[in-house]
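> structure of the sequence below:
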Amino acid sequence: INKVSSALHTAVNNGTALLSWEELIASKKVAAKSSFIIVRPKLDYSRIRPAENAIDAVRNAVAAIQEPGLPAVKVWITGEVGLEDDELSGMSTGTFTASIFSVVLVLGILLLAYRSVFLTLATLITLALGMILCGAFAALAVKELNLISVAFAVSNIGLGVEYAIHFCLRYRDNLGHHIGRDKAIRGTLISTSPSLLLCAGTTAIGLYAFIPTDYKGVSELGLLAGTSLFICLFVTLTILPVLLKIIPVQLAHLPVPNDTGFIRLPEKLATFTLHYAKPIALVVGLLAIISSVLVTGVQTDFNPVNLRDPNTDSVIAFKHLIKDKDNTPMTLTILAQDENKAKALQQKLETLASVDKTVSLFDFLPADQDDKLAVIEEMALTLGLNLTNFPTLKADYDPIESIRHLIKTIDEVVPKKTDAKEINALISFKVELQAMLLELDTRQQASRRLFLDKVQSALLGTLPGVMNDLLTGLNAGAITLADLPPDISERWLSKDGWYRIQIFAKKDLNDLANLEAFINDVQSLAPETTDLPIMYWESMKAVVGAFEQAISIALITIALVLYGIRRNITDTLLIMTPLVLAGLFTMASTVITHTPINFANIIALPLLLGFGVDNGIHMVEKLRHSLSEKQNIYQSSTARAMFYGALTTSSSFAGLAFSPHQGIASMGLVITMGIFWIMTSTFVILPALSKLVLKQKS
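Got it, this is the predicted structure:
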């Protein structure tokens, strides 16, 4: 009654209303407040966002149906195309802002390191040229980049700028000793080339260890990142000296290191690390033990949807669908060879704790058909509906007498009612009927007719369609598999007799723990299970496995190469120390910060591998000659280059941690944490351990 009253009130007051007779007749509340529209858009690959025109067309259509007086319509666009379009749009806005922040920060750090605009400009030109050449090599070598292999650009930026900083700071120091430009460039080449070649060689060997892995993206990443090191080094040792010879750098513009302000803290740090070597070693040992325990809790997020901006419509809608047990896209699929096996497998699957239900072709057939057909036959006899079509609405009917009779009936019924809700509903209905009579009295004949047609359409417009559907339903007969539409049958039964079984989870699969349990539970019964969650799961396992294999090979290979070159097991172990400790502490940090390893941040590992090896080589070489509390090991251009190289790289990626794209943000966070631990291991832990080890040996 309340729904009828509401529709009548809206119509009488010149609003637009349409009473749903389907909701009135149904024994249960009709839950279909939302519907799905499957759209296949035309994609324009000449645009940065290929689906932009199609999505704009959908949104324009939505805006067109938002008429005054009608309920608001909320349309969510999701699916593969919607998710990718929102990702491209978000990356071009939020990531652009983060990139601008990073560029400004890096420029500031380079200017602080060099105290020269010209050296900063030379470094940026060298880095840009190196990136262009590396991009050209990638186009020739692999042609197409994927989510993993594209990360070679990350290591290219980080290690490329480090080489340039080493060269420029040594060049600046040489100029500071009042020698000519040509001699300064020549001296810089002679002094930096061996260590840079060793760094590039060992790091490249480690990255080339990624090539034999089975996962294509990881293999290509190793090839591109390893070769890019040599390209960046080549540009640094050939193009950068030419730029330094051309640009007008004057000695006056290059203050000696004592004027840089970089002395006081390093002096204190040098004294601290060497004087308190034993306590530092004990603390590091304790942290290593704690971190070893923490890394057992490292989580992997294999759902790529979680890498996207969670505030976009497509992601919100997709996660909303995942929560809907009946319409979730995160289901599992199994194929059964025949009807008997399909039915038996369905029964077993539905006993699993994580499974809510299963669907197969047989579920499209009504259960208990004989009983239901008997009920339908009884309904037809009771209703006496022998019509083939429900009568149309009368066009010239005058309802005034009927309305008055209905008001009188309400007056007679209300005193007999005891339920307050029913009484209020009937009184409200009576008020609306009286308002309709008043409205009819004020109108002329022509206007009355239009008004009555409007009210009749509002109250009875959907009735003929609903009744015709009911009449059709009363003529139902038994349904077999052969009666199902071909487009349904073909989805669930293959031409060679394989039955598809779709499995729905009981819990919310936005929770990775629930998703993992669901997959493991079903695979324990049917290992051949497939579908979207399995693809995500297996892809992540393949990537993690490939990285574990590659890093293990890389560590062993780098250690062997270092030992072969230095012929000293102590030096080899000391060089590897920052890399191993930083890796351990970084993984422990991901547990503490609740940052799971995903498809985006795992690609930070090659960059951290390169930094760890390079810094270890540089620092051990320096410690061999400056292992004394009276000597400032951090005053050299090598130490300053390591510091500023790490600072520029971490700054360039720290800005990404604020990107709305969750994958990019997590990559920026992991790189920043990794570089922090590499620098801590290199500048604090390694000198302390070196004093203990090297002093004992000497």
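> gap between the helix or strand where I239 lies and the chain center?
Per DSSP states H and E, I239 falls inside helix 216-246. Here helix 216-246 is found 30 Å from its chain centre; the criterion is C-alpha atoms, centre = their mean, to the nearest Å.
> buried ones in it, by neighbour count?
217-229, 231-233, 235-237, 239-241, 243-244 (16 or more other C-beta atoms under 10 Å). Heads up, the C-betas are built off the backbone N, CA and C, glycines and all.
> now stretch 116-135
Judged by neighbour count using 16+ other C-beta under 10 Å, the buried positions of stretch 116-135 are 116, 118-120, 122-127, 129-131, 133-135.
> which stretches in the stretch 201-350 of the chain count as helices?
For the stretch 201-350 of the chain, the helices defined by DSSP state H, counting those that start in this stretch occupy 216-246, 264-275, 277-294, 313-323, 339-349.
> that older thread, now do the helix holding I239: which elements does it pack against?
helix 117-141, helix 152-176, helix 181-208, helix 532-566, helix 605-623 (3 or more C-beta pairs under 8 Å, 6 or more residues apart in numbering; DSSP states H and E).
> can you tell me which of the ones you listed comes nearest to S354?
When these are compared by C-beta to C-beta, helix 532-566 sits nearest S354, at 11.7 Å.
> what about the closest one, average pLDDT?
For helix 532-566, mean pLDDT rounds to 86.
> what helices or strands is the next helix-or-strand element following it leaning on?
Sequence-wise, the next helix or strand downstream of helix 532-566 (DSSP H and E) is helix 569-592. Counting contacts by 3+ C-beta pairs under 8 Å, 6+ apart, helix 569-592 is packed against helix 277-294, helix 532-566, helix 605-623, helix 662-680, helix 686-697.
> distance of L223 from L145?
Going from L223 to L145 by C-beta to C-beta, to the nearest Å gives 12 Å.
> swap in W498?
In this view, W498 and L145 are 36 Å apart by C-beta to C-beta.
> higher neighbour count, those two?
Legend: neighbour count by other C-beta atoms under 10 Å for W498 and L145, higher for L145 (18 against 14).
> once you drop chain neighbours, what's closest to the residue nearest the centre of the chain?
For the chain, the residue nearest the mean C-alpha position is L307 (1.1 Å; C-alpha atoms, centre = their mean). Of all residues not flanking L307 in the chain, G663 sits nearest, at 3.1 Å (C-beta to C-beta, 6 or more residues apart in numbering).
> number of nearby residues for the one you found?
Burial of G663, expressed as a neighbour count using other C-beta under 10 Å, amounts to 23.
> with the one 3 residues further on instead?
Close neighbours of S666, defined as other C-beta under 10 Å, add up to 27.
> against T382, how distant is the residue nearest to it when sequence neighbours are not counted?
Excluding the flanking residues, the one nearest S666 by C-beta to C-beta, 6+ apart is N601, at 4.3 Å. Distance check for N601 against T382: by C-beta to C-beta, it reads 66 Å.
> neighbour count: those two, which is higher?
Shown here are N601 and T382; by other C-beta under 10 Å, N601 has more neighbours (26 against 8).
> so the more buried one touches V670, yeah?
Yes. Using C-beta atoms under 8 Å, N601 makes contact with V670 at a distance of 4.2 Å.
> overlap in contacts of those two?
Applying C-beta atoms under 8 Å, 6 or more residues apart in numbering, one finds that N601 and V670 are jointly contacted by T595.
> lowest-scoring secondary structure element of the chain by mean pLDDT?
helix 264-275 (a mean of 66; mean pLDDT, DSSP states H and E).
> any low-confidence regions in the stretch 351-500 of the chain?
383-396 (pLDDT under 70).
> how about the helices in it?
Per DSSP H, counting those that start in this stretch, the stretch 351-500 of the chain carries helices over the ranges 369-383, 400-413, 420-441, 445-460, 463-473, 486-492.
> distance to I479 for those helices - can I get that in a markdown table?
Conversion of the helices of the stretch 351-500 of the chain to a markdown table gives the following (distance: least, C-beta to C-beta, whole Å):
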| stretch | distance to I479 |
| --- | --- |
| helix 369-383 | 7 |
| helix 400-413 | 42 |
| helix 420-441 | 40 |
| helix 445-460 | 32 |
| helix 463-473 | 12 |
| helix 486-492 | 12 |
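> which of those helices sits closest to S35?
Checking these against S35 by C-beta to C-beta gives helix 463-473 as the closest, at 16.7 Å.
> how many residues are close by the closest residue to H618 other than its chain neighbours?
In space, H618 comes closest to T638 once its chain neighbours are excluded; the distance is 5.2 Å by C-beta to C-beta, 6+ apart. Residues near T638, counting by other C-beta under 10 Å, number 22.
> now swap in D483 and tell me
Using other C-beta under 10 Å, D483 is surrounded by 11 other residues.
> mind checking how far it is from S228?
For D483, the distance to S228 - C-beta to C-beta - is 62 Å.
> hang on, I239 packs against T123?
No. Using C-beta under 8 Å, I239 makes no contact with T123, being 11.2 Å away.
> quick one on the thing from earlier: out of the buried residues of stretch 116-135, who's nearest L373?
Closest to L373, out of all of the buried residues of stretch 116-135 and judged by C-beta to C-beta, is G135, at 69.2 Å.
> return the distance of the closest one relative to L335.
Distance, G135 to L335, using C-beta to C-beta: 43 Å.
> go on, G674?
Noted for G674: a distance of 43 Å to L335, by C-beta to C-beta.
> out of these two, which sits in the more crowded spot?
Counted by other C-beta under 10 Å, G674 and L335 do not tie: G674 has more neighbours, with 27 against 16.
> can you check which strand is longest in the protein?
Counting residues, the longest strand found in the chain (DSSP state E) is strand 499-505.
> and the closest residue to T300 other than its chain neighbours, what does it touch?
Closest residue to T300 apart from its sequence neighbours, by C-beta to C-beta, 6+ apart: I597 at 4.9 Å. Counting by C-beta under 8 Å, 6+ apart, I597 touches 298-301, 544, 590.
> thinking again about what came up before, might one say that the residue nearest to the centre of the chain is in contact with P660?
No. Taking contacts as C-beta under 8 Å, L307 lies outside contact range of P660: 11.3 Å.
> residues contacting A72?
Q66.
> again, but for A458
Taking C-beta under 8 Å, 6+ apart as the criterion, A458 is in contact with 7-8, 10-11, 16-19.
> pLDDT at V283, what is it?
If you check V283, the pLDDT there is 94.
> is it true that L119 touches D173?
No. Taking contacts as C-beta under 8 Å, L119 lies outside contact range of D173: 12.0 Å.
> against V355, how distant is the residue nearest to H618?
Taking C-beta to C-beta, one finds T638 at 61 Å from V355.
> ok, now C232?
On the measure of C-beta to C-beta, C232 and V355 end up 52 Å apart.
> with T333 instead?
Computed with C-beta to C-beta, the distance linking T333 and V355 is 13 Å.
> per-residue pLDDT of A588, please?
95.
> G668 is in contact with A600, correct?
No. With contacts counted by C-beta under 8 Å, A600 stays clear of G668, the gap being 9.5 Å.
> for D571, what are its contacts?
Listed by C-beta under 8 Å, 6+ apart, the contact set of D571 reads 562, 620, 624.
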